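**Q** coords below, sequence missing:
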DNA sequence: CTTGTTTAATGATACGTATAACTAGTGATA
DNA sequence: TATCACTAGTTATACGTATCATTAAACAAG
């Protein structure tokens, strides 16, 4: 009791001092597994993400950590590699009682699968691409309005005089919502949306997709909007390698605002990743308070920002 | 026994099947904390790093994960923020029995402090900047020859005709070894080493340091060698912001080869971060085999590479 | 039918903690 | 002096697993 920093009115000051003295003499360290077992709390939050090498996520993790750490929680990072298999492994991993709650970006799992976790009393905060309706389970979401952000970026490109704008996207994750916003804005302007889809959110995929865009001989796109910055960076490198100038020959826009975006002058949508992480952590910690699990699911929005730089 | 995938000759096939069937019907998931307690193994490796937002580390983590995961181990990431306090927190965290071994970059802790961990049976693999002598404890190191790499880079800059080369570095971590290599090469060429030191390995620090370099009115440096790429990127941005052209007005070189280095054409020293992580993981897993703790410490070298790009 | 031997299944224990239950001690009050 | 109330300190129990010890059953050999 003394060691757990509990204010201990029941223990006399003298005894308290004696305990602390002895503990430090013996270099006593409480055994974490035993505490977890006995208390059924791990004092750890899991962070499930598709790819730690995408700089967006380290930023998010930092936000999470800053809040979690000051509340005495650890953060465990689980990398799913963006694959369904990885997300399932994460789920069963979590079902083994390794964390008290999860903040996660799930590309494949939907509410039904997450329900298993929620029912087991493990609250979930999803990093989502749109508002999610309230449900009875302790599943919250934190999001920026991806469709609106994409639409805004698309409108900006149109304002700049582009008529043929192709969107490069991945198959999963936030791509659908971003594609939706893009398509709406295009149609609203009487333009035809066009897509090039690659499998992953990587530079490689971006370069490959850009290659496909550039191979269109007649009426090639004058602007490319990429579903995230990793794709955009790949696209930009590929465009330059093909001897094209950005933005004169082809304009490029991205999504996320990773550090490299600023360096390359990439026009992009800024997501406040640190704040997203911090907000997710706060939400999760709220769930871990007594009675927190009973409240209905929340869906919290943060604001995006269109960063106009030199690439478009 | 059946569930632990142990080949179970002692259990008849029929019983074995019955157990597996029941387990899946009940969605049985073994309780991880309980296993940890009973078996005194966590099946987790800790990765202690100074800053997850420095892209060098996610690459390393990936290497670690790829090996650890396929051996059934999880990877726990602990961010020290490069501060002594963070490293101490990591140590006591580890002493609570949260991981079976550690791969870490320690800027402040030295062998004496790490000894506590090693004695407790927690093997350590350090990511180091130079060869370390063998010791009796289960403390290994994985490194590239930082001094030689820095010397090679410095010689390259000298070959390119630079006489006044300033090194920008941080106070801790690999900076001393890198400074040493730089200084030796400078002196060997009859040149005078000059240093600008900032506190951290960040873009901000790099920009600040570059500001200081540029403020030298008489005989300003024609080349700057930064102790890592984060610093170099900050320096490059600051130089350009000051209206200077890289490399014509001032050449810049870095260290690490983070993804942004390629994008910016930054001449740098490539560290094989994925391989470093994978090698560290292998070494650690070897320690976790029966009898692995008794072997003397190893010091394993990987090769660097000088990447000559456009910035210098 | 007994004895010994093997095989299958069941029971008991400890890991280190958190918490509840209990015991002993100390005054205070009637 | 006996009763009560309260404090301080001690003991017991359970968390879920892995492992060791024990019992029960089955079978073969004499």
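**A** Thanks, I have it. Bear in mind that the values here come from a model prediction, so they are computed numbers and not experimental data.

**Q** quick one: the strands in chain A?
**A** Applying DSSP state E to chain A gives strands spanning A:44-49, A:74-79, A:101-104, A:124-128, A:139-143, A:165-170, A:194-198, A:223-226, A:251-256, A:267-270, A:299-301, A:305-307.

**Q** deepest of the ones you listed, which one?
**A** Among those, the stretch with the highest mean neighbour count (mean count of other CB atoms under 10 Å in any protein chain shown) is strand A:223-226, at a mean of 30. For every residue, glycine as well, the C-beta is placed using N, CA and C.

**Q** run me through the strand neighbours of that one, direction for each.
**A** Looking at strand A:223-226 with DSSP bridges, its partner strands are strand A:165-170 (parallel), strand A:251-256 (parallel).

**Q** give me the below-cutoff pLDDT ranges for the stretch 201-312 of chain A.
**A** For the stretch 201-312 of chain A, no stretch is flagged by pLDDT under 70.

**Q** give me the residue from it nearest DNA strand C.
**A** Nearest residue of the stretch 201-312 of chain A to DNA strand C: residue A:290, at 12.0 Å (CB to the nearest atom of the strand).

**Q** what is the neighbour count of that residue?
**A** By other CB atoms under 10 Å in any protein chain shown, 6 other residues sit near residue A:290.

**Q** now do residue A:120
**A** Residues contacting residue A:120 under the criterion other CB under 10 Å number 12.

**Q** just to revisit the earlier point, reformat the strands paired with strand A:223-226 into TSV and put distance to DNA strand D next to each item.
**A** Shown next, in TSV, are these (distance: least, CB to the nearest atom of the strand, whole Å):
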stretch	distance to DNA strand D
strand A:165-170	38
strand A:251-256	40
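
**Q** and these: which comes nearest residue B:57?
**A** Comparison of the strands paired with strand A:223-226 against residue B:57 by CB to CB identifies strand A:251-256 as nearest, at 19.0 Å.

**Q** from the chain's centre, how far out does the closest one sit?
**A** The chain centroid and the centroid of strand A:251-256 are separated by 18 Å under CA atoms, centre = their mean, to the nearest Å.

**Q** quick one on the thing from earlier: now the strands of chain A in JSON lines, with distance to residue B:191?
**A** Below are these laid out as JSON lines (distance: least, CB to CB, whole Å):
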{"stretch": "strand A:44-49", "distance to residue B:191": "46"}
{"stretch": "strand A:74-79", "distance to residue B:191": "44"}
{"stretch": "strand A:101-104", "distance to residue B:191": "51"}
{"stretch": "strand A:124-128", "distance to residue B:191": "51"}
{"stretch": "strand A:139-143", "distance to residue B:191": "54"}
{"stretch": "strand A:165-170", "distance to residue B:191": "48"}
{"stretch": "strand A:194-198", "distance to residue B:191": "49"}
{"stretch": "strand A:223-226", "distance to residue B:191": "45"}
{"stretch": "strand A:251-256", "distance to residue B:191": "42"}
{"stretch": "strand A:267-270", "distance to residue B:191": "42"}
{"stretch": "strand A:299-301", "distance to residue B:191": "57"}
{"stretch": "strand A:305-307", "distance to residue B:191": "42"}
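
**Q** for DNA strand D, what's the nearest residue on the stretch 201-312 of chain A?
**A** For the stretch 201-312 of chain A, the residue closest to DNA strand D is residue A:293, as judged by CB to the nearest atom of the strand, at 17.5 Å.

**Q** who wins for proximity to residue B:135 among the strands of chain A?
**A** Of all the strands of chain A, it is strand A:74-79 that lies closest to residue B:135, at 29.7 Å by CB to CB.

**Q** contacting residues for the residue nearest to residue A:293 when sequence neighbours are not counted?
**A** Nearest residue to residue A:293, sequence neighbours excluded (CB to CB, 6 or more residues apart in numbering or on different chains): residue A:138, at 4.7 Å. By CB atoms under 8 Å, 6 or more residues apart in numbering or on different chains, the residues touching residue A:138 are A:118, A:121, A:123-124, A:287, A:292-293, A:295, A:297.

**Q** what residues are up against the residue lying closest to residue A:15 once chain neighbours are set aside?
**A** Using CB to CB, 6+ apart and skipping the chain neighbours, the partner closest in space to residue A:15 is residue A:2 (7.9 Å). For residue A:2, the contacting residues are A:8, A:11, A:15-16, A:19-20, by CB under 8 Å, 6+ apart.

**Q** good, wrapping up.
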